[in-house]
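Q: next input, structure requested:
(chains A and B)
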Amino acid sequence: MSDTMTLYKNFEAKIAAVLAELEANGVLPEGTNLANVAVEPPRDASHGDLATNAAMVLAKPAKTNPRALAEAIAGKLIDDPTITSAEVAGPGFINLRLDAAVWLQELGVIADNADAYGRSRMGEGMRVNVEYVSANPTGPMHMGHCRGAVVGDALSSLLEFAGHDVTREYYINDAGGQVDVLARSAHLRYLEALGDDIGEIPEGLYPGDYLKPVGAYLASELGDRFKAAPEEEWLPIFRAEAVAKMMDLIKSDLAMLGIHHDEFASEAALQAAGKPEAAEAWLRDHGFVYDGVLEAPKGKAPPEDWEPVELPLFRSTQFGDDQDRPIKKSNGAWTYFGADLAYHMQKAESADALIDIWGADHAGTVKRIKAAVAALSEGQGKPVPFDVKLVQMVQLMRGGEPVKMSKRSGNFITIADMVEEVGKDVVRFTMLTRKPEAQMEFDFAKVVEASKDNPVFYVQYAHARICSNLRKALADEGITPSAANLAALGEEELALIKLAAQFPREVEAAAKAREPHRIAFYLYELASALHSFYTLGRTDTDKRFIVADNPELSAARLFLAAQLGQVIRNGLQILGVDAVEEM
RNA sequence: GGCCCCGUAGCUCAGCCGGAUAGAGCACCAGAUUCCUAAUCUGGGGGCCGCGUGUUCGAAUCACGCCGGGGUCACCA
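A: Have a look, this model is predicted:
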């Protein structure tokens, strides 16, 4: 886009110009801080199209009262030919009404930009690494991973739409003890595939059936030569093979949700490259890591096997953590944290900002990793903004009753189950209709209801309705959307345009706050406005998109409808939800 | 006990980098469709924004302290 000046920004600039003029005239002191000046649509549409709090914010530095200053600002704004009224209201708000032509032009802007309408350059030149999902490669994706996956993916798309250069990254925890357990579990299934009777899966191994194909695959690839071999011979091979198979499984589960990562970073590879050692050396040199003994846990009875051991500790207490945190275990292996801080440094090498999406059950580890990243990145002269987004648990329900799951038996609800039952769009949209840090319920019975109770259908229906009308107009009347007679549109249509025109600022606000759910709520609002207008046509045929004997008005209304559909599509695209054309 | 998140209408939730009379859906009541998709729409009642103190022109929003709910407090991942 050559010109990214959106409608709202355009008027922000006009107000800023007036303020600069007042500053030149001495009404405002030189160098007045305009940071708190806001220009936004008023909450109550009857107040006008735009409102600014400039006079209230600036009255004090101007040594006058808000209403007097507001009058002065309003007096200058009204000179603008596109501003039809500038009224001072309440404690000193300035309410502006814009010429209808301004809004009608915005429809053309939507049409011209099409799929790019709402894109922003606010993130231009900024590389953001978003790490999400990062589920252990020990089994299929289950419900616990779902919300973070959707939120991380939608956030990535949102940031991209707002102009950031986004890397979607998945950290494969393929170096810890759990992948050894996976390898042993796979070996057992390998023996089973070779004809052994393995009986019950022993305690401590993964019981799920999803390892059976892995065992069969290993048996066919490797034959029986690891059947009686000692563990140290087969463990590394089985670990690598099983992890690879699990990652295939996870990728296909994610694909069902429409999620595709750009980078898969292996913890094992990170360790093999010596990254944790390098981080430790630097941290030691700068006094962030020392050898020490942790105190026994307070508050509760210490674990029975607790004993004091000297370990290399990171000084996270300097950053507000409860205690310093070990980066290595007593057996010399890296702790998760020890490897993770090196991993974050690796990500920071090719990013200007880092975002992690974690489950809320890891909230307790946020301080230490943020502290480590701060220490490392600032110490190395390149401070990297690092944000950890916590997503809360999802309680699965069915018709108001909690869904029971047993991890022991491997009987858990997988993402594949969910998507097969209710569909990708329902899963994604529902996960985005609540702010991530709030707990939510997901009721299988409710989310498939085809009603306004279900925002997915409500928004998709709005889009389908528009498409249906466009199809019908062409097929029955031969009318195509046209911007030739937009002046024929009335107040109701203008209200729709005004709402659609907010999309670019919604995108920027959501991107700035890193809250993709705002887009979902905005789309619901837009869909609601569309449905309302549509229903007017039921009793008043002059209010229809297709008006009999009035092809000019019909073409204009259809042009409006087409642009509303465009905005809905653009919003849904950010959320990763399909904009269906018929239902 | 420490730390993190949440507390807004009967229910599920928006709004929270301070702004005008606090919103939406569900549920409840009353209505709208011979005609563009009723999977929709219109109207109505319903609120100490958990409690208190502070900050200021102004607090659901910010700070502090309580209360209630959840999470978490391994050399796990």
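Q: against the centre of chain A, work out the most remote residue.
A: residue A:228 (48.9 Å; CA atoms, centre = their mean).
Q: could you look up the SS state of it?
A: coil (DSSP: H, G, I helix; E, B strand; the rest coil).
Q: please read off the pLDDT at it from the model.
A: Looking at residue A:228, its pLDDT reads 92.
Q: what do you get for the one 5 residues further on?
A: Residue A:233 is assigned 95 on the pLDDT scale.
Q: report the contact partners of it.
A: Taking CB atoms under 8 Å, 6 or more residues apart in numbering as the criterion, residue A:233 is in contact with residue A:226. No exception for glycine: its C-beta is placed from N, CA and C like everyone else's.
Q: again, only using 10 Å
A: The contact partners of residue A:233, by CB atoms under 10 Å, 6 or more residues apart in numbering, come to A:225-226.
Q: and the helix or strand containing it, which residues are buried?
A: Secondary structure assignment for residue A:233, by DSSP states H and E: helix A:231-256. For helix A:231-256, burial by neighbour count (16 or more other CB atoms under 10 Å) applies to A:234-235, A:237-239, A:241-243, A:245-247, A:249-250, A:253-254, A:256.
Q: low-confidence stretches in chain A?
A: A:1-5, A:296-306, A:405-411, A:452 (pLDDT under 70).
Q: tell me, what residue is most central in it?
A: residue A:155 (2.2 Å).
Q: can you get me the centre-to-centre distance for stretch A:248-264 and its chain?
A: Remark: stretch A:248-264 is offset 16 Å from the chain centroid, using CA atoms, centre = their mean, to the nearest Å.
Q: so chain A: which segments form each domain?
A: A:7-98, A:127-173+A:261-391, A:177-256, A:455-575 (automatic domain parsing).
Q: mind giving me TSV with those and columns for distance to RNA strand B?
A: What follows is these, written out as TSV (distance: least, CB to the nearest atom of the strand, whole Å):
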stretch	distance to RNA strand B
domain A:7-98	3
domain A:127-173+A:261-391	3
domain A:177-256	4
domain A:455-575	2
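Q: what are the ranges of the strands in the stretch 401-550 of chain A?
A: Along the stretch 401-550 of chain A, the segments classed as strands by DSSP state E, counting those that start in this stretch run A:401-402, A:440-443.
Q: so which of those strands gets nearest RNA strand B?
A: Ranking the strands of the stretch 401-550 of chain A by proximity to RNA strand B (CB to the nearest atom of the strand) places strand A:440-443 first, at 4.7 Å.
Q: got the buried residues for that closest one?
A: A:440, A:442-443.
Q: chain center to that strand, what's the gap?
A: 19 Å.
Q: and if you look at stretch A:271-283?
A: 31 Å.
Q: repeat that for stretch A:222-242.
A: On CA atoms, centre = their mean, the centre of stretch A:222-242 falls 41 Å from the chain's centre.
Q: right, and residue A:136 touches residue A:170 too?
A: No - Residue A:136 lies out of contact with residue A:170 (CB atoms under 10 Å); the separation is 11.4 Å.
Q: if I look at those two, which residues touch both of them?
A: Shared contacts of residue A:136 and residue A:170, counting by CB under 10 Å, 6+ apart, come down to residue A:250.
Q: more neighbours: those two, which one.
A: Ranked by neighbour count (other CB atoms under 10 Å), residue A:136 and residue A:170 place residue A:170 first, with 24 against 16.
Q: can I assume the more buried one is in contact with residue A:131?
A: Yes - under the criterion of CB under 10 Å, residue A:170 makes contact with residue A:131 at 7.1 Å.
Q: overlap in contacts of those two?
A: Common neighbours of residue A:170 and residue A:131 (CB under 10 Å, 6+ apart) are A:152, A:261, A:263, A:265.
Q: please spell out the PyMOL selection for the buried subset of those residues.
A: Entered in PyMOL, the line below selects the buried ones among the shared contacts of residue A:170 and residue A:131, by 16+ other CB under 10 Å:
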select buried, chain A and resi 152+261+265
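Q: what about the closest residue to RNA strand B within the stretch 151-300 of chain A, distance to residue A:206?
A: Per CB to the nearest atom of the strand, residue A:176 is where the stretch 151-300 of chain A lies closest to RNA strand B, at 2.8 Å. In this view, residue A:176 and residue A:206 are 14 Å apart by CB to CB, to the nearest Å.
Q: repeat for residue A:576
A: For residue A:576, the distance to residue A:206 - CB to CB - is 30 Å.
Q: quick one on the thing from earlier: just put the buried residues of strand A:440-443 in JSON lines and tack on distance to residue A:194.
A: Formatted as JSON lines, those follow (distance: CB to CB, whole Å):
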{"residue": "A:440", "distance to residue A:194": "45"}
{"residue": "A:442", "distance to residue A:194": "41"}
{"residue": "A:443", "distance to residue A:194": "44"}
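Q: please report phi then psi for the nearest residue to residue A:117 once chain neighbours are set aside.
A: Nearest residue to residue A:117, sequence neighbours excluded (CB to CB, 6 or more residues apart in numbering): residue A:110, at 4.8 Å. With angles defined as degrees, to the nearest 10, residue A:110 sits at phi -60, psi -50.
Q: now do the contacts for residue A:110.
A: A:116-118, A:497, A:500-501, A:503-504, A:559-560, A:562-567, A:570.
Q: out of the buried residues of strand A:440-443, which are close to RNA strand B?
A: residue A:440 (CB under 7 Å from any atom of the strand).
Q: between the buried residues of strand A:440-443, which is nearest residue A:524?
A: Ranked by distance to residue A:524 (CB to CB), the buried residues of strand A:440-443 are led by residue A:440 at 16.0 Å.
Q: what pairs with the closest one across the strands?
A: residue A:394 (DSSP bridges).
Q: that one contacts residue A:143, doesn't it?
A: No - the criterion here is CB under 10 Å, and residue A:440 misses it with residue A:143 at 11.8 Å.
Q: ok so, going back, mind listing what the residue of the stretch 151-300 of chain A closest to RNA strand B touches?
A: Counting by CB under 10 Å, 6+ apart, residue A:176 has contacts A:136, A:138, A:267-268, A:333-336, A:339.
Q: can we see that at 8 Å?
A: Counted by CB under 8 Å, 6+ apart, residue A:176 has contacts A:267, A:336.
Q: same check on residue A:268?
A: Counting by CB under 8 Å, 6+ apart, residue A:268 has contacts A:172, A:174-175.
Q: again, but for residue A:323
A: A:294-295, A:316-317.
Q: helix, strand or coil: sort out it for me.
A: coil.
Q: need phi/psi at it.
A: phi -150, psi 160.
Q: residues near residue A:140, how many?
A: Count around residue A:140 with other CB under 10 Å applied: 19.
Q: that one sits in which helix or strand?
A: Residue A:140 belongs to no helix or strand, assigned by DSSP H and E.
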